[in-house]
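Student: need coordinates for the following:
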Amino acid sequence: MNPTSNYRGAVVVIPTRNRAQLAVNAARSVIEKPVDDAWVLVSDNSTAENERRQLETFCTTLGHPRLRYLRPPQALPMPAHWQWAIEQALANNNASHFIYLTDRMMFKNGALTELLDLAAVYPDKVISYNHDRICDHTRPIRFEEYEVTEKLLEVDSERLLWLTSEAILHHGLPRMLNCIVPRRVLEQIGERFGNVFSSIAPDFNFCFRCLDLEPSILFYDKSPLFHYALDRSLGASGSRGESTPELDDFAANLAVDSLNRNYATPIPSLITATNAVFNEYLIYKQETQSPRFPEVNLENYLRANAAEVMEVGDPELRARTHALLVQHGYREEIGERSTRRRLHSVVHKLKNLGKKTPAASAREFGSLDEAINYARTFSRGNVSSWTWGADALQGRELPVETQVG
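Tutor: Numbering: from 1, shown residues only. This next block holds a predicted model:
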């Protein structure tokens, strides 16, 4: 660690709502391996008394000096809760950096130390990273590890914004839940907009604010964490067309009705994770008139949404949503074997993006505990000298070998 750095440690914020055991697992992934310069703030937005009691009991009984449990004065919608939590973290800790770890995520052993070492060397930069996943909503349970280069790249924000406009939603986009962020950046966003998080999807709301204000970010092409509990994920459940308590609760707290949820997009009534991302992109573009945000490639937008619609399990919903895309101009080419394959062919034609797409290897497990133990203890990623993910960014490589083990 650089002793002259302005780095002063990091607060890991864990926002949660009615998922006590998941939040416990997330907190344990930080505190079970002692990190002297990391603190944990569990922000409990639960409405179920048993969930609140379970999580509070864990935090208070453990008595860990770097673990703090807080609750907002009343239950809040997700964006408001994320905002309340960051206000508490900024006001009650002198740390220089902040990380959001959702309750469905866990750090791999030793990975947080790597990130903090990087932040100490590059204290003024937002550093984003990828994450692996455990697919536990189907059987057998699979742990998917993505190819990585372990390179640290400085990436122009305009490059990430252009990729987004072309419907290439790169995993390096800084969504707060996949990056470590300097206090300076959070304070600048708060000063300009009156808050750090807002809108419908606070992760991508933060992302596009950050990319407009910061000329570049760093992308660490590695997966220091993983996510799981896909049957309780808002985005994953919505993509599959499934109704879950979490998804119903989220929808009930929206300030807009379901037909206008993604009101800034070409198809406001289209409920996909992809459309939610474009909603945040276009809200920001329209409200700020920022010249850094290119016009959206409509053909790629339609095809990216169509690729997601293919994952919907309910045949009737899948057909209805596909028809909605067709109504708005989507056309599937004759003889096309799959929308996803067509989307990849579009990506391949884009300048300088190479010839590979992100690849993942999968291991199967008989239980979730086995998968989590492997993911935390043994997974190291598929290290490659080159990956689509790193090449697509056209970033400038920075040294990492002297900072992280």
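Student: could you report the neighbour count for A362?
Tutor: Other residues within reach of A362 by the criterion other CB atoms under 10 Å amount to 12. In short, each C-beta sits where N, CA and C put it, glycine included.
Student: skip the chain neighbours and tell me the closest residue to it.
Tutor: Closest residue to A362 apart from its sequence neighbours, by CB to CB, 6 or more residues apart in numbering: R142 at 4.5 Å.
Student: for L324, same thing?
Tutor: L270 (6.0 Å).
Student: how about the secondary structure of that neighbour?
Tutor: With DSSP: H, G, I helix; E, B strand; the rest coil as the basis, the three-state label of L270 is coil.
Student: could I get the strand of greatest length in the chain in CSV with only the CA atoms?
Tutor: Ranked by residue count, the top strand of the chain under DSSP state E comes out as strand 216-227. Written as CSV, here are the backbone C-alpha positions of strand 216-227 (Å, rounded to 0.1, in the frame of the first residue of the first chain):
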residue,chain,number,x,y,z
SER,A,216,-12.4,7.8,-17.4
ILE,A,217,-12.7,4.9,-14.9
LEU,A,218,-10.5,1.8,-14.2
PHE,A,219,-11.8,-1.6,-15.0
TYR,A,220,-10.2,-4.6,-13.2
ASP,A,221,-10.8,-7.5,-15.5
LYS,A,222,-11.4,-10.0,-12.7
SER,A,223,-14.4,-11.4,-10.7
PRO,A,224,-13.7,-10.6,-7.0
LEU,A,225,-17.3,-11.6,-6.0
PHE,A,226,-20.2,-13.7,-7.2
HIS,A,227,-23.9,-13.5,-6.9
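Student: name the helices or strands packed onto it?
Tutor: Using 3 or more CB pairs under 8 Å, 6 or more residues apart in numbering; DSSP states H and E, the elements in contact with strand 216-227 are strand 105-107, helix 111-121, strand 127-135, strand 141-148, strand 152-156, helix 157-165, helix 388-391.
Student: and these: which comes nearest H81?
Tutor: Each of those was checked against H81 via CB to CB, and the shortest separation belongs to strand 105-107, namely 16.4 Å.
Student: quickly run through the sheet partners of the closest one, with directions.
Tutor: In the sheet containing strand 105-107, its partner strands are strand 216-227 (antiparallel), by DSSP bridges.
Student: quick one: mean pLDDT over the partner strand.
Tutor: For strand 216-227, the mean pLDDT works out to 97.
Student: coming back round to it: so for A306, which of the helices and strands packed on strand 216-227 sits nearest?
Tutor: Judged by CB to CB, the one of the helices and strands packed on strand 216-227 that comes nearest to A306 is helix 157-165, at 17.5 Å.
Student: all strands for this protein, in order.
Tutor: Using DSSP E, the strands assigned to the chain run over residues 10-16, 38-44, 67-70, 97-100, 105-107, 127-135, 141-148, 152-156, 179-182, 216-227, 360-365, 382-383, 396-398.
Student: listing partners with orientation, what would you give for the second one?
Tutor: For strand 38-44, the pairing partners within the sheet under DSSP bridges are strand 10-16 (parallel), strand 67-70 (parallel).
Student: nearest to N260, out of these?
Tutor: Among those, strand 10-16 comes nearest to N260, with 25.6 Å by CB to CB.
Student: tell me what angle that closest one forms with helix 111-121.
Tutor: Interaxial angle, strand 10-16 versus helix 111-121 (axes from the mean of the first three to the mean of the last three CA atoms, to 10 degrees): 130 degrees.
Student: chain center to the longest strand of the chain: distance?
Tutor: If you compare the mean C-alpha spot of strand 216-227 with that of the full chain, they lie 10 Å apart, counting by CA atoms, centre = their mean, to the nearest Å.
Student: list the contacts of the nearest residue to Q286 once chain neighbours are set aside.
Tutor: Nearest residue to Q286, sequence neighbours excluded (CB to CB, 6+ apart): A264, at 6.1 Å. Residues counted as contacts of A264 (CB atoms under 8 Å, 6 or more residues apart in numbering) are 278-279, 282-283, 286.
Student: follow-up on the earlier one: and among the helices and strands packed on strand 216-227, the most buried is which?
Tutor: Mean neighbour count, computed with mean count of other CB atoms under 10 Å, is highest for strand 105-107 among the helices and strands packed on strand 216-227, reaching a mean of 24.
Student: just the mean pLDDT for it, thanks.
Tutor: The model assigns strand 105-107 a mean pLDDT of 98.
Student: now that strand: how far from the chain's centre is it?
Tutor: Centre-to-centre, strand 105-107 and its host chain are 12 Å apart (CA atoms, centre = their mean).
Student: now swap in stretch 25-32 and tell me
Tutor: In this view, stretch 25-32 has its centroid 19 Å away from the chain centroid, taken as CA atoms, centre = their mean.
Student: now what about that stretch, what contacts it?
Tutor: Under the criterion CB under 8 Å, 6+ apart, external residues in contact with stretch 25-32 comprise 12, 14, 16, 38, 40, 42, 58-59, 62, 64, 66-67, 101-108, 112, 225, 372, 376.
Student: if you set the cut-off to 7 Å instead, what comes out?
Tutor: By CB atoms under 7 Å, 6 or more residues apart in numbering, the residues outside stretch 25-32 that reach it are 12, 14, 38, 40, 42, 64, 66-67, 101, 103, 105-107, 112, 376.
Student: same thing with stretch 71-86?
Tutor: By CB under 7 Å, 6+ apart, the surrounding residues in contact with stretch 71-86 are 13, 15, 41, 43-45, 47, 98, 186, 195-200, 202, 250, 253.
Student: let's see 6 Å
Tutor: Outside of stretch 71-86, the residues that reach it under the criterion CB atoms under 6 Å, 6 or more residues apart in numbering are 13, 15, 43-45, 47, 195-198, 202, 253.
Student: how about it: buried residues?
Tutor: By neighbour count on 16 or more other CB atoms under 10 Å, the buried set for stretch 71-86 is 72, 76-86.
Student: what is the nearest of these to E147?
Tutor: Proximity to E147 was ranked across those by CB to CB; first place goes to W82, at 30.6 Å.
Student: now stretch 363-374: buried residues?
Tutor: For stretch 363-374, a neighbour-count test (16+ other CB under 10 Å) marks 363, 365, 371-372, 374 as buried.
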